[in-house]
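Peer 1: structural data only, the sequence is not supplied:
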């Protein structure tokens, strides 16, 4: 068995949560949704390729899952594998903002429920090589995207766009 998530959090006030540990970064609606709650059979390949899913770090959440606006931001260690086998250890700065209509925030089963989000993640360049003769600097990486979900009655329209630039 492997441990996927381990998080300790503290709520100084009801709409603010501070967290530290290893867990999903606040990037991509689809990546943040548990497998049991996804609307489609499997996750999109782009999410698995671009989104920095589970990392170790700290974050702050302002707003709630049932409020009209929520903002999440964090700093993580970006310990993802690279093409040359390096296990990372680079800095990752992530942020996400979500807006919801009152019906979507309340979870109402009728009416038009609209949720939209935008996310950004940045890994600054690392000019220190891994110590091998072929090592070079790691370039900075910018990932960004957005998502929108519209539900009305039995109809769901959903889209998520992600991009990564080095």
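Peer 2: Yep, it's here. Everything numeric here is computed off the predicted structure, so don't read it as measured data.
Peer 1: just for the protein, where's the confidence low?
Peer 2: Under the criterion pLDDT under 70, the flagged ranges of the chain are 1, 79-89, 105, 107-109, 126-138.
Peer 1: can you map out the helices along it?
Peer 2: Listed in chain order, the helices of the chain (DSSP state H) span 29-32, 45-50, 102-106.
Peer 1: output the contacting helices and strands for the longest one.
Peer 2: Which is helix 45-50. strand 155-165 (3 or more CB pairs under 8 Å, 6 or more residues apart in numbering; DSSP states H and E). Yep, even glycine has a C-beta here, placed from its N, CA and C like the rest.
Peer 1: and the strand it packs on, what does it pack onto?
Peer 2: helix 45-50, strand 141-152.
Peer 1: sheet partners, orientation included, of it?
Peer 2: According to DSSP bridges, strand 155-165 forms sheet pairs with strand 141-152 (antiparallel).
Peer 1: buried sites along the partner strand?
Peer 2: Across strand 141-152, burial judged by 16 or more other CB atoms under 10 Å covers 141, 143-151.
Peer 1: ok, and what's touching it?
Peer 2: In this structure, residues lying in contact with strand 141-152 by CB atoms under 8 Å, 6 or more residues apart in numbering are 27-30, 50-52, 104, 111-123, 156-166.
Peer 1: ok, and the closest non-adjacent residue to the residue nearest to the spatial centre of the chain?
Peer 2: By CA atoms, centre = their mean, the chain has its centre lying nearest to residue 27, at 1.7 Å. Using CB to CB, 6 or more residues apart in numbering and skipping the chain neighbours, the partner closest in space to residue 27 is residue 119 (4.6 Å).
Peer 1: so what's that neighbour up against?
Peer 2: Taking CB under 8 Å, 6+ apart, one finds 26-28, 94-97, 143-146 in contact with residue 119.
Peer 1: show me where this protein has its strands.
Peer 2: Ranges of strands within the chain are 6-13, 16-24, 54-62, 69-76, 92-100, 112-123, 141-152, 155-165, based on DSSP state E.
Peer 1: just those: most buried one?
Peer 2: strand 92-100 (a mean of 21; mean count of other CB atoms under 10 Å).
Peer 1: from the chain's centre, how far out does that one sit?
Peer 2: 7 Å (CA atoms, centre = their mean, to the nearest Å).
Peer 1: picking that back up, of the buried residues of strand 141-152, which is the nearest to residue 17?
Peer 2: Nearest to residue 17 among those, counting by CB to CB, is residue 147 at 21.5 Å.
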